[in-house]
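# turn this into a structure:
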Amino acid sequence: MPRYMFKGSYGQEGIGGVLKDGGSARVDAARAIAESAGGSLASFDFAFGSDDFYAVAELPDHAAAVAVAATIGASGAMSHLETVVLISAEEADAAAKRSVSYRPAGR
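Numbering: from 1, shown residues only. Purely as a prediction, here's the structure:
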(Lines give C-alpha, C1' and ligand atoms only; values in the text may rest on other atoms or scores of the structure.)
Protein backbone atom coordinates (compact mmCIF):
# COMPACT_ATOMS: atom_id res chain seq x y z
CA MET A 1 0.00 0.00 0.00
CA PRO A 2 1.42 3.45 -0.86
CA ARG A 3 2.83 5.54 1.98
CA TYR A 4 2.40 9.27 2.46
CA MET A 5 4.02 11.69 4.87
CA PHE A 6 1.84 14.51 6.13
CA LYS A 7 3.74 17.35 7.74
CA GLY A 8 2.35 20.58 9.01
CA SER A 9 2.01 23.39 11.45
CA TYR A 10 -0.94 24.08 13.68
CA GLY A 11 -2.73 27.40 13.58
CA GLN A 12 -3.91 29.10 16.75
CA GLU A 13 -6.99 26.87 17.03
CA GLY A 14 -5.01 23.70 16.35
CA ILE A 15 -2.28 24.32 18.90
CA GLY A 16 -4.97 25.28 21.39
CA GLY A 17 -6.50 21.86 20.84
CA VAL A 18 -3.16 20.14 21.44
CA LEU A 19 -2.72 22.09 24.68
CA LYS A 20 -6.27 21.27 25.78
CA ASP A 21 -6.48 17.58 24.80
CA GLY A 22 -2.81 16.55 24.66
CA GLY A 23 -0.67 15.00 21.98
CA SER A 24 -2.14 11.52 22.30
CA ALA A 25 -5.52 12.85 21.19
CA ARG A 26 -3.93 14.11 17.95
CA VAL A 27 -2.33 10.72 17.35
CA ASP A 28 -5.71 9.07 17.89
CA ALA A 29 -7.32 11.53 15.46
CA ALA A 30 -4.62 10.85 12.84
CA ARG A 31 -5.12 7.10 13.26
CA ALA A 32 -8.89 7.50 12.89
CA ILE A 33 -8.71 9.55 9.69
CA ALA A 34 -6.21 7.14 8.10
CA GLU A 35 -8.43 4.17 8.96
CA SER A 36 -11.54 5.96 7.69
CA ALA A 37 -9.77 6.36 4.33
CA GLY A 38 -9.04 2.61 4.20
CA GLY A 39 -5.47 2.80 5.48
CA SER A 40 -3.45 2.87 8.66
CA LEU A 41 -1.19 5.24 10.58
CA ALA A 42 2.44 4.08 10.55
CA SER A 43 3.86 6.87 12.74
CA PHE A 44 3.09 10.28 14.20
CA ASP A 45 5.72 12.52 15.77
CA PHE A 46 5.67 16.07 17.07
CA ALA A 47 8.68 18.19 16.19
CA PHE A 48 10.55 21.42 16.80
CA GLY A 49 11.18 23.70 13.85
CA SER A 50 9.09 24.86 10.92
CA ASP A 51 6.69 21.90 11.19
CA ASP A 52 4.84 20.85 14.34
CA PHE A 53 4.26 17.24 13.32
CA TYR A 54 5.22 14.49 10.88
CA ALA A 55 2.80 11.63 10.25
CA VAL A 56 3.23 8.67 7.92
CA ALA A 57 0.17 6.80 6.74
CA GLU A 58 -0.36 3.85 4.46
CA LEU A 59 -3.35 4.64 2.24
CA PRO A 60 -4.94 2.79 -0.68
CA ASP A 61 -4.15 5.40 -3.35
CA HIS A 62 -3.55 9.06 -4.17
CA ALA A 63 -7.28 9.83 -4.05
CA ALA A 64 -7.41 8.65 -0.43
CA ALA A 65 -4.37 10.81 0.39
CA VAL A 66 -5.99 13.85 -1.21
CA ALA A 67 -9.21 13.20 0.72
CA VAL A 68 -7.27 13.01 4.00
CA ALA A 69 -5.26 16.16 3.26
CA ALA A 70 -8.31 18.10 2.07
CA THR A 71 -10.32 17.13 5.15
CA ILE A 72 -7.51 18.16 7.48
CA GLY A 73 -6.91 21.39 5.56
CA ALA A 74 -10.60 22.30 5.54
CA SER A 75 -10.76 21.98 9.34
CA GLY A 76 -9.06 25.35 9.78
CA ALA A 77 -6.77 23.98 12.49
CA MET A 78 -3.63 24.09 10.33
CA SER A 79 -1.55 27.05 9.21
CA HIS A 80 0.44 24.79 6.83
CA LEU A 81 -0.02 21.23 5.60
CA GLU A 82 2.05 19.33 3.04
CA THR A 83 1.64 15.81 1.69
CA VAL A 84 4.71 13.92 0.45
CA VAL A 85 4.43 10.68 -1.55
CA LEU A 86 7.02 8.27 -0.15
CA ILE A 87 8.87 5.90 -2.48
CA SER A 88 10.19 2.54 -1.30
CA ALA A 89 13.70 1.34 -2.12
CA GLU A 90 12.19 -1.23 -4.48
CA GLU A 91 10.27 1.49 -6.32
CA ALA A 92 13.45 3.57 -6.59
CA ASP A 93 15.27 0.52 -7.99
CA ALA A 94 12.54 0.01 -10.60
CA ALA A 95 12.68 3.70 -11.56
CA ALA A 96 16.47 3.56 -11.94
CA LYS A 97 16.12 0.69 -14.41
CA ARG A 98 13.61 2.54 -16.63
CA SER A 99 14.85 4.25 -19.75
CA VAL A 100 13.06 7.40 -20.84
CA SER A 101 13.69 9.85 -23.66
CA TYR A 102 14.26 13.52 -22.90
CA ARG A 103 15.59 16.55 -24.80
CA PRO A 104 16.70 19.45 -22.56
CA ALA A 105 15.54 22.93 -23.54
CA GLY A 106 17.87 24.64 -25.98
CA ARG A 107 19.45 21.45 -27.33
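# burial measure for the residue nearest to residue 66 when sequence neighbours are not counted, as a count.
Spatial nearest neighbour of residue 66, chain neighbours left out: residue 83 (7.8 Å); criterion: Cβ to Cβ, 6 or more residues apart in numbering. Where C-beta positions appear, they are placed from N, C-alpha and C, glycine not excepted. Look at residue 83: counted by other Cβ atoms under 10 Å, it has 18 neighbours.
# beta partners of residue 83?
residue 6 (DSSP bridges).
# ok, it touching residue 71?
No - Residue 83 lies out of contact with residue 71 (Cβ atoms under 8 Å); the separation is 11.9 Å.
# returning to that earlier point: OK, contacts around the residue nearest to residue 66?
By Cβ atoms under 8 Å, 6 or more residues apart in numbering, the residues touching residue 83 are 4-6, 65-66, 68-69.
# now residue 58. Nearest residue, chain neighbours left out?
residue 1 is the one closest to residue 58 (Cβ to Cβ, 6+ apart), at 4.4 Å.
# as JSON lines, the contacts of residue 83 with neighbour count, distance to residue 102 and pLDDT would be great.
Putting the contacts of residue 83 into JSON lines (neighbours: other Cβ atoms under 10 Å; distance: Cβ to Cβ, whole Å; pLDDT from 0 to 100) gives the following:
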{"residue": "4", "neighbour count": "22", "distance to residue 102": "27", "pLDDT": "98"}
{"residue": "5", "neighbour count": "15", "distance to residue 102": "28", "pLDDT": "98"}
{"residue": "6", "neighbour count": "24", "distance to residue 102": "31", "pLDDT": "98"}
{"residue": "65", "neighbour count": "22", "distance to residue 102": "28", "pLDDT": "98"}
{"residue": "66", "neighbour count": "14", "distance to residue 102": "28", "pLDDT": "98"}
{"residue": "68", "neighbour count": "22", "distance to residue 102": "33", "pLDDT": "98"}
{"residue": "69", "neighbour count": "18", "distance to residue 102": "30", "pLDDT": "97"}
